[in-house]
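*Asks:* only geometry, no sequence info:
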């Protein structure tokens, strides 16, 4: 089993920044972790992918965050980060860390609230 622990959520005004972090631990069968990613879920909406980074450092972003968010990883620490700049109220929601090794694992989520 793989455990994921997120940190870094909070409240910020529009235009501000936050940095999320997620640490993977436990029995990780494949290193570096093949895929690490962030998703989010706003109240009343479905969970959506925000950003993905592969073990080869290939990155992919949702159109809504392109140019404002940056995903990165530290393979030595089994961590993935999400730098969020120029935040907008519509970025509010619970942000979930996700990794794919032998199977898909989710973190417990961290709340991000952006006020106008």
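*Replies:* It's in. Bear in mind the structure is a predicted one, so any value in this text is a computation, not a measurement. Numbering: from 1, shown residues only.

*Asks:* So what's the residue count around residue 19?
*Replies:* Look at residue 19: counted by other CB atoms under 10 Å, it has 14 neighbours. C-beta coordinates here come from the backbone N, C-alpha and C atoms, glycine included.

*Asks:* That one against residue 80, yeah?
*Replies:* No: under the criterion of CB atoms under 8 Å, residue 19 is not in contact with residue 80, lying 11.4 Å apart.

*Asks:* residue contacts, the residue nearest to the spatial centre of the chain?
*Replies:* With distances taken as CA atoms, centre = their mean, the residue of the chain nearest its centroid is residue 38 (2.8 Å). Contact analysis of residue 38 by CB atoms under 8 Å, 6 or more residues apart in numbering lists 20, 22, 49-52, 71, 80, 82, 95-98.

*Asks:* how does it look with 7 Å?
*Replies:* 20, 50-51, 71, 82, 95-97 (CB atoms under 7 Å, 6 or more residues apart in numbering).

*Asks:* One more: residue 37?
*Replies:* Here residue 37 is in contact with 49, 51-53, 98 (CB under 7 Å, 6+ apart).

*Asks:* Can you say which two of these are spatially most distant?
*Replies:* 49 and 53 (11.8 Å; CB to CB).

*Asks:* Give me the more crowded residue out of the two.
*Replies:* Between residue 49 and residue 53, residue 53 has the larger neighbour count (other CB under 10 Å), namely 22 against 14.

*Asks:* Please work out the average pLDDT along the helix or strand that the more buried one is a member of.
*Replies:* Secondary structure from DSSP states H and E places residue 53 in strand 48-54. Strand 48-54 carries an average pLDDT of 98.

*Asks:* what lines up beside that strand in the sheet?
*Replies:* With DSSP bridges as the test, strand 48-54 is paired with strand 35-41 (antiparallel), strand 59-61 (antiparallel).

*Asks:* Restricted to strands, list the contacts of residue 38.
*Replies:* 20, 50-51, 71, 82, 95-97 (DSSP state E).

*Asks:* Closest one to residue 31 out of those, please.
*Replies:* For the ones in strands among the contacts of residue 38, the nearest to residue 31 is residue 97 (16.8 Å; CB to CB).
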